[in-house]
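Student: When you get a sec, could you give me coordinates for this:
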Amino acid sequence: MTGIRLAGVSKSFGGKPVLKKVSLEIRSGEFFCVLGPSGSGKTTILRIIAGLERPDEGKVYFGDRDVTDLPAKDRGVSMIFQSLALYPHLSVYENIAFPLRVRKTPEQEIKKTVSDVAETLRIQSILNRNITSLSGGERQRVAIARSLVYRPQIFLMDEPLTGLETAFRQELRREIKEIQRSTGITTVYVTHDQVEAFSLADRVALLHEGVVQSVGEPQQVYERPENLWAARFVGDTPLNVFEASLKAAGDEAVVKVDELGLAFRTKVSRIPSDGRVYVAGRSEAFKLGVEGFLTGVVVGREVLGDRVVYTVDVEGRRIVVKAAAYIDLKPDEKVEIGVDLDKLMIFDGEGRRL
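Tutor: Next comes the predicted model:
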């Protein structure tokens, strides 16, 4: 299979920058997700890899080969768009066979290849049906089958599950991952959905306003984001962020969060000249009902199945805390909060991780 490298890629439309010196390395056979909000430049990255757009600056490499100027038809890339773009006047079989017919593949080989990919995607029973008679999940499988039928070197997917019901999305996520693992095709998947990205990806790149913010394995991006924006963007509950000060203390540093009356020692990569930092903690960094640093009052409660998310007022500062469902607290109830200092993140005044 083929790895992909973007080297300093920039792209503007109508004078508006969409990608700003994006550099990414996608490993051969990897399932790589680009995650970010609408308008961040995700689809433009896919289109540049596919050869549907040319970068204004920078280079695109497949392995060691510079493909920046190579036409899309010669790149060995298959792409699924959000719209699927199936042919409604053709049967499922003919939709899947279409890329092979364009390549003048012998009929016997077409039959075998379509049969094999249909078996992989469990759609043998609908091969003779018309596209218009299919459910959303069935159409999605047909689109994937058509993209895989000629064994591309690279598989690109642009939010292919958007608009499907939750149960379909979960089922298709599993199938897409299984197909990618079985074929070993280098896959780049674009989404704004964190659950999708984290459940599918070997590695994730967070993109915001055309700039790569953080890259790594899903757990790494969650626990060790490169900056404060990335820390806020991932996670299923709001991030707790506090202004703080930091001073050197031997080979460590002392962090003071005045608004919480909290001080602790930690190690950081550098000391900002102004000493101004942000301390951030996810909801699971705080523990309710534990004798600890803080005392507050419950002001909000949201049940999330086996977890409950509490909002606690600590001297006028609200903290979001995730707790097990068996911890049953009522509004206005007083509670102590413990803090897992190892789970706190520290960023400088510009939001860069320390």
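
Student: make it CA atoms for all contacts and neighbour counts henceforth
Tutor: Noted.

Student: in the stretch 201-350 of the chain, which spans are strands?
Tutor: Ranges of strands within the stretch 201-350 of the chain are 203-208, 211-216, 240-249, 252-257, 262-266, 276-281, 286-288, 294-304, 307-314, 317-324, 334-339, 345-348, based on DSSP state E, counting those that start in this stretch.

Student: could those go into JSON lines alongside mean pLDDT?
Tutor: Formatted as JSON lines, these follow (pLDDT from 0 to 100):
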{"stretch": "strand 203-208", "mean pLDDT": "97"}
{"stretch": "strand 211-216", "mean pLDDT": "96"}
{"stretch": "strand 240-249", "mean pLDDT": "92"}
{"stretch": "strand 252-257", "mean pLDDT": "90"}
{"stretch": "strand 262-266", "mean pLDDT": "88"}
{"stretch": "strand 276-281", "mean pLDDT": "94"}
{"stretch": "strand 286-288", "mean pLDDT": "90"}
{"stretch": "strand 294-304", "mean pLDDT": "91"}
{"stretch": "strand 307-314", "mean pLDDT": "93"}
{"stretch": "strand 317-324", "mean pLDDT": "93"}
{"stretch": "strand 334-339", "mean pLDDT": "91"}
{"stretch": "strand 345-348", "mean pLDDT": "94"}
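
Student: State the distance from Phe168 to Pro71.
Tutor: 35 Å (C-alpha to C-alpha, to the nearest Å).

Student: Ignore what I typed, I meant Phe31.
Tutor: For Phe31 relative to Pro71 (C-alpha to C-alpha), the value is 24 Å.

Student: These two: who's more crowded?
Tutor: For Phe31 and Pro71, the more surrounded residue by other C-alpha atoms under 10 Å is Phe31, and the numbers stand at 23 against 13.

Student: Is that one in contact with Glu178, as I believe?
Tutor: No: at 10.9 Å, Phe31 does not count as touching Glu178 under the criterion of C-alpha atoms under 8 Å.

Student: In CSV, could you pull the C-alpha coordinates for stretch 183-201?
Tutor: What follows is stretch 183-201 as a C-alpha-only set of coordinates in CSV (Å, rounded to 0.1, in the frame of the first residue of the first chain):
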residue,chain,number,x,y,z
THR,A,183,-7.8,-4.8,2.7
GLY,A,184,-5.0,-2.8,4.2
ILE,A,185,-5.8,0.2,2.0
THR,A,186,-4.4,3.5,3.2
THR,A,187,-7.6,5.4,4.3
VAL,A,188,-8.1,9.1,5.0
TYR,A,189,-11.5,9.8,6.6
VAL,A,190,-12.9,13.3,7.2
THR,A,191,-15.5,14.0,9.9
HIS,A,192,-16.7,16.6,12.3
ASP,A,193,-17.8,13.8,14.7
GLN,A,194,-15.4,13.0,17.5
VAL,A,195,-16.9,9.7,18.3
GLU,A,196,-16.6,8.6,14.6
ALA,A,197,-12.9,9.8,14.4
PHE,A,198,-11.9,8.2,17.7
SER,A,199,-13.6,4.9,17.1
LEU,A,200,-12.2,4.5,13.6
ALA,A,201,-8.8,6.1,13.5
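
Student: re earlier: select, out of the strands of the stretch 201-350 of the chain, the one closest to Leu90.
Tutor: When the strands of the stretch 201-350 of the chain are compared by C-alpha to C-alpha, strand 203-208 sits nearest Leu90, at 36.5 Å.

Student: circling back: nearest to Gly137, of the strands of the stretch 201-350 of the chain?
Tutor: strand 203-208 (25.1 Å).

Student: what about the closest one, distance to the chain center?
Tutor: Centroid separation for strand 203-208 versus its chain: 6 Å, with C-alpha atoms, centre = their mean, to the nearest Å.

Student: circling back to that earlier point, can you lay out the strands of the stretch 201-350 of the chain as JSON lines showing mean neighbour count and distance to Arg103?
Tutor: As requested, the strands of the stretch 201-350 of the chain are exported to JSON lines (neighbours: other C-alpha atoms under 10 Å; distance: least, C-alpha to C-alpha, whole Å):
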{"stretch": "strand 203-208", "mean neighbour count": "24", "distance to Arg103": "33"}
{"stretch": "strand 211-216", "mean neighbour count": "20", "distance to Arg103": "37"}
{"stretch": "strand 240-249", "mean neighbour count": "19", "distance to Arg103": "55"}
{"stretch": "strand 252-257", "mean neighbour count": "18", "distance to Arg103": "64"}
{"stretch": "strand 262-266", "mean neighbour count": "14", "distance to Arg103": "61"}
{"stretch": "strand 276-281", "mean neighbour count": "22", "distance to Arg103": "55"}
{"stretch": "strand 286-288", "mean neighbour count": "22", "distance to Arg103": "59"}
{"stretch": "strand 294-304", "mean neighbour count": "17", "distance to Arg103": "51"}
{"stretch": "strand 307-314", "mean neighbour count": "20", "distance to Arg103": "53"}
{"stretch": "strand 317-324", "mean neighbour count": "20", "distance to Arg103": "55"}
{"stretch": "strand 334-339", "mean neighbour count": "18", "distance to Arg103": "62"}
{"stretch": "strand 345-348", "mean neighbour count": "23", "distance to Arg103": "54"}
